[in-house]
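*Asks:* Attaching a predicted model along with its sequence, questions to come.
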Amino acid sequence: MKHEAQHKTVAPWVKASASTSAQGCVQVRSPREGVIEVGDTKNPAGPTLSVPHSAWEHFLNQVTTGRTAHGRLRPEFLADGGFTLTDTATPDSPILVYTKAERDAFELGVQAGELRGARPQGILVN
């Protein structure tokens, strides 16, 4: 019996359709079932946060309702309108930093439902 290696492709990075800025945006993908990875297009080879899908959905619910009962993903809102994002369950978690424009586009994408689900369906990141 011949065994063939199965190659699974990692889902591509996507962002909110409202993100038209060439200067960066929140990018997300699902590298494997049940996991969401968050990054920043300003730094494509930079650090990312990988969290269970349930932690991602909890964070998105906080974004859409404006609540601050943060879960595993913790945003810190900056005076200039941007925000930082860390994973509270990971010691020495990278800190992702987003501008006000990135935050605004991200929030619109979350409200539109583009970044929800096991396979977020925003627009492809180039």
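*Replies:* Yep, that arrived. Numbering: from 1, shown residues only.
*Asks:* Pick out the residue closest to the middle of the chain.
*Replies:* residue 38 (3.4 Å; CA atoms, centre = their mean).
*Asks:* Do I have it right that it meets residue 26?
*Replies:* Yes - with contacts counted by CB atoms under 8 Å, residue 38 reaches residue 26, the gap being 6.7 Å. Where you see a C-beta, it was placed from the backbone N, CA and C, and this is true even at glycine.
*Asks:* which residues do those two both contact?
*Replies:* Here residue 38 and residue 26 share the contacting residues residue 96, scored by CB atoms under 8 Å, 6 or more residues apart in numbering.
*Asks:* before we move on, back to that, check the spacing between the residue nearest to the centre of the chain and residue 95 real quick.
*Replies:* 12 Å (CB to CB, to the nearest Å).
*Asks:* Pull up the overlap in contacts between these two.
*Replies:* With CB under 8 Å, 6+ apart as the test, residue 38 and residue 95 both reach residue 85.
*Asks:* Give me the contact list for stretch 75-87.
*Replies:* 38, 49-51, 59, 62, 72-74, 93-100, 102-104.
*Asks:* in stretch 119-126, what's buried?
*Replies:* For stretch 119-126, a neighbour-count test (16 or more other CB atoms under 10 Å) marks 120, 122, 125 as buried.
*Asks:* Which element, helix or strand, includes the residue nearest to the centre of the chain?
*Replies:* Per DSSP states H and E: residue 38 is located in strand 35-40.
*Asks:* who does that strand touch, helix- and strand-wise?
*Replies:* Strand 35-40 makes packing contacts with strand 26-29, strand 49-52, helix 53-65, strand 96-98 when contacts are defined by 3 or more CB pairs under 8 Å, 6 or more residues apart in numbering; DSSP states H and E.
*Asks:* Parallel or antiparallel, list what pairs with it.
*Replies:* Strand 35-40 sits in its sheet next to strand 26-29 (antiparallel), strand 49-52 (antiparallel), going by DSSP bridges.
*Asks:* Poorly predicted segments of this protein, please.
*Replies:* For the chain, applying pLDDT under 70 flags the ranges 1-8, 21-23.
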